[in-house]
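Novice: what follows is a predicted structure for the sequence shown.
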Protein chains: 2
Amino acid sequence: MTDSNRDTAPEAVVARVRRGDRRALARAISTVEENRAGGPELLAAFHEHAHNARRIGITGAPGAGKSTLSTELISVIRASGASVAVMAIDPSSPFTGGAILGDRIRMQDHIGDEGVYIRSLASRGHMGGMSASAPKVAVVLDGAGFDVVLMETVGVGQAEVEVLGEADTTLVVVTPGWGDSVQANKAGLLEIGDVFVVNKADRPGADDAVRDLEMMLDLGLTEDWRPPVVQTVALEPKGIDELWQALESHAVYLSDGELAGRRAARARRETRDAVRELLLAEILDRSGPAIAELLDEVSAGRLDPWSAASKIVARLD
Amino acid sequence: MTDSNRDTAPEAVVARVRRGDRRALARAISTVEENRAGGPELLAAFHEHAHNARRIGITGAPGAGKSTLSTELISVIRASGASVAVMAIDPSSPFTGGAILGDRIRMQDHIGDEGVYIRSLASRGHMGGMSASAPKVAVVLDGAGFDVVLMETVGVGQAEVEVLGEADTTLVVVTPGWGDSVQANKAGLLEIGDVFVVNKADRPGADDAVRDLEMMLDLGLTEDWRPPVVQTVALEPKGIDELWQALESHAVYLSDGELAGRRAARARRETRDAVRELLLAEILDRSGPAIAELLDEVSAGRLDPWSAASKIVARLD
């Protein structure tokens, strides 16, 4: 009964979420994540309230300590009075799935704190699902009123790395000895990082790892921003304040320059994705039965997919 | 001069490719991979000649020996008289990029053999690029006349795993001791494999790895097909004939049953993706200037992406 009485108008949902209704927030995220009906309207409504929350991407190999670092960063962010949401993107990879569930348990430190919200995004099995839904979820969390959105991802595949394109600042986490295990493409790693952290810095080789990073960063210097390298021991915790300062200085650098441009590009990208999604919904709506017939032709091998698609699109006239 | 005289009609391109013109094939792949103009027409033309080449996906952690196995499989396939194309999908991941270039060098065994074609697909930096382009490239190779298409991918991320959904048969490559390094999600790995191979089987722990796999496969048995587990030493090479027999028996199993259904589902999926792509091109073509204006509004923050997208789609009327 309660459910049927609930006002599901997008503005009403956003209002409930902004008053702190966590079930409403969870439902809103699921709606946009799974492309359910009403998603586009919800996103438009959340955009109305989005204040450009600060988005920080955190990436690193499995086992580098990303979740522990996130937990400690949450404490620092909360101490500053800001609220924070974490989107943990679980690639569910057969090879590097990692101990995501175990990691989440650490985050229980923050359960009961209304200024913290943690959400794992499913990804596996939906073609383009994660890269498509991560920006949407970020909009919901922004519109919900969180000041900082942490986007945690294991940077192992294309989709996972692309999510970082949605962040304002990207933090790359490595551990002592990382250079030995990463045989190739250190350049790619250096390219995506705005701030680097050598975590587990109490282990042997930490100084070497820092020196290696510094050297490579010096070589690759092409921009105004020279990514700082910070040492942390997240488990103690040690070095977290220094890390936060490094992240803050990148925020200052951005706001002096390219932040507006980055966000404008992001908005354009989001619009393009939205057009693609709405167009498909529209055409299915208009000529569903005819499309079903064409799809049957394709299934039976009597028509090729691209000719079928041309016929479907031609129906717009 | 030669270039401007070249007939670029899709049928002419396909004819050249089918006569063995490798430069034309490389250009055709680039056209569909990079979504250049003429791609949809080319794909429709290649579909005309596609004979449903056998698609075999090969996946495994970096260093498992996938490329060496591919090289040896090529030899067995060629000995049987069939032609073969390899699509190597390089995730260019900062963390697991791997020695793709070095691996490719091994494949030089087959240089000069007209029945073999090897192509690495770039993936990094294009949102949805790889998952979207892999099926298209497979169609081109099929229409080009190759009997077998090997799709080699490092199964580390969502996009990489999804490519395997395009294969008829998926081969999962592990090495002795794989269980220790894969902490979680063995279930996901078991789920995607039709045939398993323990490569580097001359190393300690090979028998344990086989036994572990067999046990887990017995537990998970829900289908008619029980994936076989084969031992190989690709570098010698040893066990390759047995591996090929295992792949052959899966082909027989499929053709007795679900192959037609799998391929019909694939064709429907391809049609849906094609519709999405053509729709976007169509609407940009029709109302480009109006869209540019709306995008400017979005960039300036005066309009949210989803409301802008609604306005754009509404212009269809």
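Specialist: Yep, it's here. Residues are numbered from 1 along each chain as shown, chains lettered A, B, ... in the order given.
Novice: between helix B:259-299 and the longest helix along chain A, find me the angle.
Specialist: Taking DSSP state H as the criterion, chain A has its longest helix at helix A:259-299. Helix A:259-299 runs at 150 degrees relative to helix B:259-299, counting by axes from the mean of the first three to the mean of the last three Cα atoms, to 10 degrees.
Novice: who in the stretch 201-317 of chain A is up against chain B?
Specialist: A:264-265, A:267-280, A:282-283, A:291, A:294-295, A:298-301, A:304-310, A:312-313, A:316 (Cβ under 8 Å from any Cβ of the partner chain). From N, CA and C alone the C-beta is placed, and that goes for glycine too.
Novice: which among the residues you listed end up buried?
Specialist: A:264, A:267-280, A:282-283, A:291, A:294-295, A:298-299, A:304-310, A:312-313, A:316 (16 or more other Cβ atoms under 10 Å in any protein chain shown).
Novice: may I have the secondary structure class of the residue nearest to residue A:38 when sequence neighbours are not counted?
Specialist: Excluding the flanking residues, the one nearest residue A:38 by Cβ to Cβ, 6 or more residues apart in numbering or on different chains is residue A:31, at 6.0 Å. Classification of residue A:31 using DSSP: H, G, I helix; E, B strand; the rest coil returns helix.
Novice: residue A:31 against residue A:42, yeah?
Specialist: Yes. With contacts defined as Cβ atoms under 8 Å, residue A:31 counts as touching residue A:42 at a distance of 5.9 Å.
Novice: give me the more crowded residue out of the two.
Specialist: Counted by other Cβ atoms under 10 Å in any protein chain shown, residue A:31 and residue A:42 do not tie: residue A:42 has more neighbours, with 27 against 20.
Novice: wait, that one sits on residue A:140?
Specialist: Yes. Residue A:42 is within contact range of residue A:140, at 7.5 Å (criterion: Cβ under 8 Å).
Novice: hey, what's in contact with both of those two?
Specialist: A:28, A:32 (Cβ atoms under 8 Å, 6 or more residues apart in numbering or on different chains).
Novice: my guess is residue A:29 meets residue A:117, correct?
Specialist: No. Using Cβ under 8 Å, residue A:29 makes no contact with residue A:117, being 9.6 Å away.
Novice: between these two, which contacts overlap?
Specialist: Contacts common to residue A:29 and residue A:117, judged by Cβ under 8 Å, 6+ apart, are residue A:141.
Novice: what about the helices in chain A?
Specialist: A:2-5, A:10-18, A:22-33, A:39-49, A:66-79, A:100-106, A:129-143, A:158-163, A:178-181, A:186-192, A:206-219, A:240-256, A:259-299, A:305-314.
Novice: and the fourth one, what does it pack against?
Specialist: Read it as helix A:39-49. Judged by 3 or more Cβ pairs under 8 Å, 6 or more residues apart in numbering or on different chains; DSSP states H and E, helix A:39-49 is in contact with helix A:10-18, helix A:22-33, helix A:129-143, helix A:259-299, helix B:305-314.
Novice: can you redo the ones you listed as CSV with distance to residue B:260 and mean pLDDT?
Specialist: As requested, the helices and strands packed on helix A:39-49 are exported to CSV (distance: least, Cβ to Cβ, whole Å; pLDDT from 0 to 100):
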stretch, distance to residue B:260, mean pLDDT
helix A:10-18, 44, 96
helix A:22-33, 33, 92
helix A:129-143, 27, 82
helix A:259-299, 9, 83
helix B:305-314, 36, 87
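Novice: and residue A:192, which of these is closest to it?
Specialist: Of all the helices and strands packed on helix A:39-49, it is helix A:259-299 that lies closest to residue A:192, at 13.8 Å by Cβ to Cβ.
Novice: now residue A:311: how far from residue B:268?
Specialist: To residue B:268, residue A:311 is 15 Å away according to Cβ to Cβ, to the nearest Å.
Novice: what pLDDT, on average, does stretch A:72-91 get?
Specialist: Regarding stretch A:72-91, the rounded mean pLDDT is 89.
Novice: in it, which residues are buried?
Specialist: Neighbour-count burial for stretch A:72-91, counted by 16+ other Cβ under 10 Å, picks out A:72-78, A:83-91.
Novice: and the residues you listed, which is closest to chain B?
Specialist: residue A:91 (5.4 Å; Cβ to the nearest Cβ).
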